[in-house]
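Enquirer: after the sequence you'll find the predicted model.
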Amino acid sequence: MKTVLAYSGGLDTSFCVKWIQENYKSDVITVTLDVGQGKDLTEIGRRAEALGVLKHYSLDVKEEFAEGYVFSAIRANALYEGVYPLHSALSRPLIASKLVEIAEKEGAEAVAHGCTGKGNDQVRFDVTIKSLAPDLKIIAPIRESNMSRDMEVAYLKKLGLEAEISSGSEYSIDQNLWGRSIECGPLEYMEKEPPEAEVFKWTKPIEETPDKPDYIDVEFVNGVPVAFNGSNMGPVNLLEKLNHIASEHGIGRIDHVEDRLVGIKSREVYECPVATLIITAHKDLEKTVLTRHEVFFKQIVDAKWAELVYTGLWMDPLREDLDAFIAETQKRVEGVVKLKLFKGSVRVVGRSSSYSIYDQNLATYNVDTTFNQKAALGFIELWGLPTTTARSLKKKSKLGD
C-alpha cells in the first residue's frame, strides 16, 4: 500500500509519517508545497527522508497559488465574517489537488493529512479530495489517534527520532503569500492581549512604525493588482513587495473570535498586511466603476463566496457560478488607487479609472452643475410614497397604540 501525505516538516506531520507506516503498514510518499511560507524546503525534504519515506516531492506552486486562488479572493473581496482574508483556507484545495495528482501518478491507494478533528482544515481537505478522487482512502492520523502534541513527541521519542523532531513552538502557525495565522498557547485565553514578541513576526508594533506616512499607487486590471508605483510586477513579486511595505507600517493585525465550521468559537490572530492593503484598494475601485446595484448585490455574492471557501466548498458548483458573475463585474475594475499607509492604517486617498462612473459635473456643488435640483422634488415624492402612505394609515387605524 502507498499513501501520499501532505508534509510540512513539523511535529504533527512527522508523527503522521511513522503512525501511517506502523498502523497501515503502508509506504509513505511525502509532498511539500511552497505557497510562500518561507521555509527551507531542502531541510524539510531531509527530515522526510530521515523518517524513512518512500519518496519526497517538493513543489513550488507560488505562482499557481497567487493567480488561481489569491487573485480569485481579491476579485471577491473575500473576508470571512467580514474579517478573515482566508489565506489558510485558500491554500487547502490547492494542496489537496496536488495530493490527488501525485497519488494518481504514483498509483497510491490513499492520501493523508495532519488535520485535527476540531478544525476547519479537515473538511477542506476531505471534501476536495473526495470531489476529485472519490475512490482514494483518506487517512487523518491526528484525528484517528486522538493524541495530544505531548503524546506525539513521546511516540516519536520511543522510536528514537529525537534528532529529527521537536515539540517546536507552543503556537500553531500557518503562513503563505496572503497571510499568517497564529493559534494555540496563550492565545486560547481570549481576554489576554497576544504577547507581542512571540506572536507577531511580520508586522511592526505601532511605536516602531515610521513617523511619516508612505503614499503608494496600486494599479488594477480585470480586478487584480498588476503594478506598484508604476512598475509592473508578476503576481508573487507584487504580493511580496506590498506585504513588506504594509508590514513596516504595522498594517494587517487581526484579533477576533471566529465561528468555525465544526461549531466551535475560536480566538484567531492573523497578520495580513498585503491582504488588508489590496482588498481596501480593490473595494474602493469597485465602488468607482460599478453601479450602486452591482455594488450592493456583489456584497452579498462576496460574503457567500467567502463562506463557501471557508467551509471547504471550493469544488462546489456554486463557487464556480459566483466566480462567473464576479468575473463579469471585474472587466471594468481597472485603474489606479492611491493609498496612505501610516501607523497601522491603510486609507484610500485617491483613485482614477477610465471606467469611472463618477461625473464631477453632476457631483459638484457649484452653481454651474449639470444636475437639475428641481427634479429632486418629484423623486422624493415617489420615493417616500410607500412610507408616508403606510404611516398615514397607521395613524388613522391606531395600529401604533
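Expert: Alright, I've got the coordinates.
Enquirer: give me the low-pLDDT residue ranges for the stretch 1-150 of the chain?
Expert: Scanning the stretch 1-150 of the chain for pLDDT under 70 picks out nothing.
Enquirer: low-confidence ranges in the stretch 301-401 of the chain?
Expert: Within the stretch 301-401 of the chain, the ranges that satisfy pLDDT under 70 run 362-369, 371, 398-401.
Enquirer: now the helix or strand hosting V236: mean pLDDT?
Expert: Using DSSP states H and E, V236 sits in helix 235-248. Mean pLDDT, helix 235-248: 98.
Enquirer: ok, residues contacting the helix or strand following it?
Expert: Moving toward the C-terminus from helix 235-248, the next helix or strand (DSSP H and E) is strand 253-259. Identification of contacts with strand 253-259 by CB atoms under 8 Å, 6 or more residues apart in numbering yields 80-81, 83-84, 190, 194, 200, 203, 265-272, 344. Yep, even glycine has a C-beta here, placed from its N, CA and C like the rest.
Enquirer: for strand 253-259, buried residues please.
Expert: Neighbour-count burial for strand 253-259, counted by 16 or more other CB atoms under 10 Å, picks out 253-254, 258.
Enquirer: can you tell me which of the residues you listed is closest to S26?
Expert: E258 (34.9 Å; CB to CB).
Enquirer: from Y84, how far off is the closest one?
Expert: For E258, the distance to Y84 (CB to CB, to the nearest Å) stands at 6 Å.
Enquirer: what is in contact with the two at once?
Expert: Residues touching both E258 and Y84 (CB under 8 Å, 6+ apart) are E268.
Enquirer: contact partners of the helix or strand H293 falls within?
Expert: Applying DSSP H and E as the criterion places H293 in helix 292-310. Contacts to helix 292-310, defined as CB under 8 Å, 6+ apart, come from residues 73, 76-80, 82, 84, 86, 89-90, 120, 261, 286-287, 290, 314, 316, 318-319, 322-323, 325-326, 329.
Enquirer: what about these, which are in helices?
Expert: Assigned to helices by DSSP state H, the following of these qualify: 73, 89-90, 286-287, 318-319, 322-323, 325-326, 329.
Enquirer: out of the residues you listed, which are buried?
Expert: Buried, going by 16+ other CB under 10 Å: 73, 89-90, 286, 319, 322, 326, 329, out of the ones in helices among the contacts of helix 292-310.
Enquirer: so can I have JSON lines of these showing distance to I216?
Expert: Formatted as JSON lines, these follow (distance: CB to CB, whole Å):
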{"residue": "A73", "distance to I216": "21"}
{"residue": "A89", "distance to I216": "27"}
{"residue": "L90", "distance to I216": "24"}
{"residue": "E286", "distance to I216": "19"}
{"residue": "R319", "distance to I216": "32"}
{"residue": "L322", "distance to I216": "30"}
{"residue": "I326", "distance to I216": "25"}
{"residue": "T329", "distance to I216": "25"}
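Enquirer: of those residues, which is the nearest to K25?
Expert: Nearest member of these to K25, counting by CB to CB, is A89, at 33.5 Å.
Enquirer: now do the closest one against V53, distance only.
Expert: A89 is 27 Å from V53, where distance means CB to CB.
Enquirer: same thing with G312?
Expert: As judged by CB to CB, G312 and V53 stand 27 Å apart.
Enquirer: again, but for W202
Expert: Separation of W202 from V53 (CB to CB): 31 Å.
Enquirer: show me where the stretch 51-200 of the chain has helices.
Expert: With DSSP state H, counting those that start in this stretch as the criterion, the stretch 51-200 of the chain has helices at 62-65, 71-75, 87-106, 121-132, 141-145, 149-158, 196-199.
Enquirer: mind putting these in CSV, distance to Q299 included?
Expert: Below are the helices of the stretch 51-200 of the chain laid out as CSV (distance: least, CB to CB, whole Å):
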stretch, distance to Q299
helix 62-65, 26
helix 71-75, 13
helix 87-106, 20
helix 121-132, 24
helix 141-145, 36
helix 149-158, 40
helix 196-199, 31
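Enquirer: S354 is nearest to which of these?
Expert: helix 71-75 (18.8 Å).
Enquirer: quick one: the closest one to chain centroid distance?
Expert: Here the centre of helix 71-75 is set off from its chain's centre by 10 Å, with CA atoms, centre = their mean, to the nearest Å.
Enquirer: what comes up buried for it?
Expert: Using 16+ other CB under 10 Å as the test for burial, helix 71-75 gives 71-75.
Enquirer: G9: which of these is nearest?
Expert: Ranked by distance to G9 (CB to CB), the buried residues of helix 71-75 are led by A73 at 26.0 Å.
Enquirer: next, the contact list for the closest one, please.
Expert: Counting by CB under 8 Å, 6+ apart, A73 makes contact with 85-86, 90, 178, 275, 309.
Enquirer: run the last query once more with 10 Å
Expert: For A73, the contact set (CB atoms under 10 Å, 6 or more residues apart in numbering) comprises 79, 85-87, 89-90, 178, 275, 278-279, 302, 305-306, 309.
Enquirer: likewise K283?
Expert: Contacts of K283 by CB under 10 Å, 6+ apart are 77, 79, 295, 298-299, 302, 337, 348.
Enquirer: kindly report the same for V127.
Expert: Residues counted as contacts of V127 (CB under 10 Å, 6+ apart) are 92-93, 96, 311-316.
Enquirer: most neighbours of all those residues, which one?
Expert: Most neighbours among those, by other CB atoms under 10 Å: A96, with 28 neighbours.
Enquirer: find the nearest non-adjacent residue to that one, please.
Expert: The shortest distance from A96 to any non-neighbouring residue, by CB to CB, 6 or more residues apart in numbering, is to T128 (3.8 Å).
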